[in-house]
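Undergrad: Next come a sequence and a model predicted from it.
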Amino acid sequence: MTDAQNPGVKVDRGISSRLSDVAQTARDLETAGCDGCWTGEINHDPFLPLALAAEHTRRIQIGTSIAVAFARNPMTVAHLGWDLQAYSGGRFILGLGTQIRPHIEKRFSMPWSHPVRRMREYIAALQAIWTCWRDGTSLRFEGEFYTHKIMTPMFTPEPSPAPFPKVFVAAVGERMTEMCGEAADGLLAHAFTTRRYLDEVTLPALQRGMDRTGRSRNDFEVSCPVFLVTGSDEHQMAEAAVATRKQLAFYGSTPAYRKVLELHGWGDLHTELHRLSLAGEWDTMGTLIDDDVLDAFAVVAPLDELADALRRRCEGAIDRVLPGFPAAVPPATVNAVLDEFRDRPPVTRL
């Protein structure tokens, strides 16, 4: 969990990968007291915006959640990580994910196989490359999937006083989660995660991985996005619930996340959602998410009770939370709720 020098749960927010929005958003999040800001690899590159975020902030951590690892080789990512870590003064977190096989092979035209073994080796390759650059040692990495054996002075970046970037890995299944416990610095949980799944599946698997390598939970962070269904009145709450049900239905239709539903005895829900998704019945899918499912995946509370409800969801399991507020909640109200969540006086706004 978070250490004594930085008590409590860290609050992170997402930033747009659209370059024109990055600088102001990153400044606003830092002013609001957020601990980190993340980009995702969806319809823009996740790394380029972080150079702007680093330039226009001084304290807040910056990171990718996630960058698709298997769309790139370790050498390419090592350079990106090294440069962003140096430029930000040591504030960069490299968040990696595997994506699924069809996207790796058919969208990125890259090889796919044995994702857990490949990701473990990917992290080891990054560490080997960074060690070569830091210590001036020979690069001699030969693995099952990646080989890096040439590094001349011309291609070696300038020394950096910053430590190596922390590497977080996205994981849902137990084998990838165990690998995180063995080799990564943090775990990026999926938004389609319940507190029960964290307690009964994720955290035990993480501990098994740590036990194999003698690592401590004190040196590791679990980051988790959380859906919020909230509002200032019943109408806003109802609108937020409809939007969240649709999001949950989309994720619930994906075979990779069926295991989360099965833990709760909702495996048949996945079957029906998947069938409807193939038929394009997106609006109908949302109506299948009943209140029990909604409550399991989202924090449902009015604005004046939200901070306490979110704190209960995180307590003892989540080190970094990325709360997903409905779009209707004004930024000033978001900041006030997060200040209450941190249990500290509101910060002065510029």
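TA: Perfect, I can see it now.
Undergrad: which other residues reach whichever helix or strand R134 is part of?
TA: Using DSSP states H and E, R134 sits in helix 115-135. Around helix 115-135, the neighbours that count as contacts under Cβ atoms under 8 Å, 6 or more residues apart in numbering are 69-70, 74-75, 77-78, 81-82, 94, 96, 98, 137-141, 143-146, 148, 151, 156-157, 159-160, 164, 167, 169, 175-176, 179, 182-184. Bear in mind the C-beta positions are built from the backbone N, C-alpha and C, glycine included.
Undergrad: The following helix or strand past that helix - what's its average pLDDT?
TA: The first helix or strand that comes after helix 115-135 along the chain, using DSSP H and E, is strand 141-142. The pLDDT scores in strand 141-142 average 98.
Undergrad: shift numbering so it begins at 42
TA: Sounds good: first residue 42 from here, last item strand 182-183.
Undergrad: Can you give the strand pairings for strand 182-183, parallel or anti for each?
TA: strand 188-189 (antiparallel) (DSSP bridges).
Undergrad: circling back to that earlier point, export the helix holding R175 as CSV, just CAs?
TA: Only the C-alpha atoms of helix 156-176 are listed here, as CSV (Å, rounded to 0.1, in the frame of the first residue of the first chain):
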residue,chain,number,x,y,z
PRO,A,156,1.2,-12.7,-23.7
VAL,A,157,2.2,-13.4,-20.1
ARG,A,158,5.7,-14.7,-21.0
ARG,A,159,6.1,-12.0,-23.6
MET,A,160,5.2,-9.2,-21.2
ARG,A,161,7.5,-10.5,-18.5
GLU,A,162,10.4,-10.6,-21.1
TYR,A,163,9.4,-7.2,-22.4
ILE,A,164,9.9,-5.7,-18.9
ALA,A,165,13.2,-7.5,-18.5
ALA,A,166,14.4,-6.2,-21.9
LEU,A,167,13.5,-2.6,-20.9
GLN,A,168,15.5,-3.0,-17.6
ALA,A,169,18.5,-4.4,-19.5
ILE,A,170,18.5,-1.5,-22.0
TRP,A,171,18.1,1.1,-19.3
THR,A,172,20.9,-0.5,-17.3
CYS,A,173,23.2,-0.4,-20.3
TRP,A,174,22.5,3.3,-20.8
ARG,A,175,22.9,4.2,-17.1
ASP,A,176,26.0,2.1,-16.3
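Undergrad: any idea of the mean pLDDT in that helix?
TA: Here helix 156-176 scores 98 as its mean pLDDT.
Undergrad: Name the residues of that helix that are buried.
TA: 156-157, 159-164, 166-171, 173-174 (16 or more other Cβ atoms under 10 Å).
Undergrad: Ok, stretch 307-318 next?
TA: So for stretch 307-318, counting by 16+ other Cβ under 10 Å, buried means W307, L310, H311, L314, L317, S318.
Undergrad: all helices of the stretch 292-391 of the chain, in order?
TA: Under the criterion DSSP state H, counting those that start in this stretch, the stretch 292-391 of the chain carries helices at the ranges 299-304, 308-319, 323-327, 332-338, 344-355, 372-383.
Undergrad: quick one: which of the ones you listed is nearest E146?
TA: With Cβ to Cβ as the criterion, E146 lies closest to helix 308-319 of the helices of the stretch 292-391 of the chain, at 20.8 Å.
Undergrad: Output the contacting helices and strands for the biggest strand by length in the chain.
TA: As assigned by DSSP state E, the longest strand anywhere in the chain is strand 262-270. Packing contacts for strand 262-270, counted by 3 or more Cβ pairs under 8 Å, 6 or more residues apart in numbering; DSSP states H and E, involve strand 227-229, helix 275-293, strand 339-341, helix 344-355, strand 361-365.
Undergrad: mind checking which of those is nearest R100?
TA: R100 sits nearest to strand 361-365 of all the helices and strands packed on strand 262-270, at 15.4 Å, using Cβ to Cβ.
Undergrad: who touches the closest residue to L363 other than its chain neighbours in this structure?
TA: The shortest distance from L363 to any non-neighbouring residue, by Cβ to Cβ, 6 or more residues apart in numbering, is to P266 (4.3 Å). Applying Cβ under 8 Å, 6+ apart to P266 gives the contacts A230, H231, A232, V362, L363, P364, G365.
Undergrad: now, among the residues you listed, which is nearest to A350?
TA: Of the contacts of P266, the one sitting nearest to A350 (Cβ to Cβ) turns out to be P364, at 10.7 Å.
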